[in-house]
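Engineer: from the sequence below, what's the structure:
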Amino acid sequence: MRISKPVFLLILTVILVIYYLVCAIYLHDLGYYNNESLFYIEKAKIVFDGLGNRLKVMGLTAPMIPFYATFIFTPISYTLAPVLASALGTAVLFYLMATTLLNRLADDFYLWILLALFLFHPGILYTACSGKNIYIILIFFFLFFINLFKFYKSNTTFHVSIASICLVTLIFCDYKFIWLTLFFLPLVLSITIHSLSLGEQESIFRLFQSFNSPSLRRKLTNKTFSLYVIIFALPLVAVLCYKLLNLTHANDLNYFNESPYATWNVLIDKLSFDEQTTGITYRIPEISILLSFRVLLFCPMIMVAVYLLRQSTYQVLTILTPFALIEFLHIKYDKVFVAYQYYMLFIVLSFLCVVIRSHTVRSQGAFKVMIAIIVSIQIYMGGYFLTTSSITEEKNFVSILFERNDDATQTDNMDVANYISSLPSDMHILVDDATAYPIVAFTRDIKPLIMPYEGNFLSALESPDKYADYIVIATAKNALTGYTQLNNKYVVEIKRTVPQIDFRKVFETRDWIVYRVISGN
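Structural biologist: Residues are numbered from 1 along each chain as shown. Predicted coordinates for the structure are as follows:
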């Protein structure tokens, strides 16, 4: 009995899920964690096991959709939930791309090429096994662009509407994608000009002809405006509503994007910049323009995609839009390095373009050989970019996965969490999870913890002897000590304010000190 292609594809997807889970659990056993996954773990624990009003944590933790994606797996394990989500999500990405491929091409060669990418590309392994939100960004990035290309072919607004929904989801996976709308403004005009029934082929002449005819000018204006509304109205309204939600519950429109209690990357980005400017080896951020050249090194298949679509100006502009996005992000967020996930976008986009246009190539044999060579180069460059990355978490991943080194990055946080967990359950521990969220993530029971989401946190800060039995303090050696009130200066100030209070050191690591609060009364 011969297996049908859909069933065969489903079997491949299940095998990929198992493969990713084995790698992810192997990394977990070696102690690999990253700040993003620990942040999701900590917030999920607050939502399900915390005390007090958790609505603010549930509704304003960002990025929202990756955070919610971990909820499904929390009954299995809090610490494994993010990697379970990323492993399954990456396999879903493979299924979506493979389904698109099989619907457009009868040649199995491209399916095996896609499978090779998902099995061996270090960036795909990083996406699947790290627990970061890269997988869900790539899924909706792929869906957004494939619906745009479907619109180019059919010229029906249904696909634009679906693309708009995907763009909304993409923004709530990574808020920086809101800037993608900026670069689609001129592209929409190019698309509208192409959709007009005119004799001229070149866009500039079509535009000139449209402006010189009142009826064509009116038609161009109406179609352009309608496309703008369909593509951009929903994302902008969704963001506005979410900002109003932040204003209502946090008294800050940008709380979700600027508060360390709402998103993990606020302090990590600052810390990354501090490390590169004050470290022994000074690292300057990537240089503009050369950043696009780095993309070409990372994903040479994108040049093939541009070549295949060269006869359509607006489709080439569509491919170039992500280049404009990363250049803009580099300029706007000049104090951080461009994360690996933004390079991964080009892997997905270039393969989509090859699938769409590969049938137009005359010499299929030579083309397939070229694609195989390019994919091999991309697999090598994917590992090289991770190994030489300026972001510590990305380098750690490669070191642990391929060299099988234990990751000691979170040892201090685990030790403090184990000590807290060993205390009697009726003890109360004051913790600032803006910086100590890894400790909370590793703590077995968070009910004894007094954290900022609780209403009595500020009172406990002012009078710790009345609310807390223990306090977790960041030491002077802790890189994040300047971003929390609970540091060595706090101990000095509270003693000055409340003379009868005293602190006894009961546990200490390089980054943290646990004090027992002793009241003089």
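Engineer: quick one, phi/psi of L449?
Structural biologist: phi -80, psi 140 (degrees, to the nearest 10).
Engineer: please apply the same query to R444.
Structural biologist: Per degrees, to the nearest 10, the backbone of R444 is at phi -70, psi -40.
Engineer: low-confidence stretches in this protein?
Structural biologist: 1, 194-217, 273, 275-289, 520-521 (pLDDT under 70).
Engineer: the longest helix in it is where?
Structural biologist: In the chain, with assignment by DSSP state H, the single longest helix is helix 214-250.
Engineer: I'd assumed Y126 was in contact with I134.
Structural biologist: Yes: contact criterion Cβ atoms under 8 Å: I134 and Y126 qualify, at 7.3 Å. (Glycine included, C-beta is placed from N, CA and C.)
Engineer: overlap in contacts, those two.
Structural biologist: Y340 (Cβ atoms under 8 Å, 6 or more residues apart in numbering).
Engineer: A strand includes L9, no?
Structural biologist: No: using DSSP: H, G, I helix; E, B strand; the rest coil, the assignment for L9 is helix, not a strand.
Engineer: what's the burial count for it?
Structural biologist: Counted with other Cβ atoms under 10 Å, the neighbours of L9 add up to 18.
Engineer: and if you look at G59?
Structural biologist: Around G59 there are 17 residues (other Cβ under 10 Å).
Engineer: that one contacts T248, correct?
Structural biologist: No: at 9.8 Å, G59 does not count as touching T248 under the criterion of Cβ under 8 Å.
Engineer: which one's more surrounded, I134 and Y126?
Structural biologist: A count of neighbours by other Cβ under 10 Å puts I134 above the other of I134 and Y126, at 28 against 25.
Engineer: quick one, what contacts the more buried one?
Structural biologist: With Cβ under 8 Å, 6+ apart, I134 has these contacts: S86, Y126, T127, Y340, Q341, M344.
Engineer: do F328 as well
Structural biologist: Counting by Cβ under 8 Å, 6+ apart, F328 has contacts W179, L182, F183.
Engineer: I'd guess the first one is in a strand, am I close?
Structural biologist: Think W179. No: with three-state DSSP as the criterion, W179 is helix rather than part of a strand.
Engineer: out of everything not next to it in sequence, what's closest to it?
Structural biologist: Distance criterion Cβ to Cβ, 6 or more residues apart in numbering; nearest residue to W179, sequence neighbours excluded, is F328 at 5.7 Å.
Engineer: could you measure from that neighbour over to Q311?
Structural biologist: Distance, F328 to Q311, by Cβ to Cβ, to the nearest Å: 27 Å.
Engineer: one more: L138?
Structural biologist: Counting by Cβ to Cβ - L138 and Q311 are separated by 28 Å.
Engineer: so for those two, which residue has more residues nearby?
Structural biologist: Taking neighbours as other Cβ under 10 Å, L138 and Q311 compare with L138 leading, 27 against 10.
Engineer: check which element follows the helix or strand containing V92 along the chain.
Structural biologist: Using DSSP states H and E, V92 sits within helix 81-104. As assigned by DSSP H and E, the chain's next helix or strand after helix 81-104 is helix 109-120.
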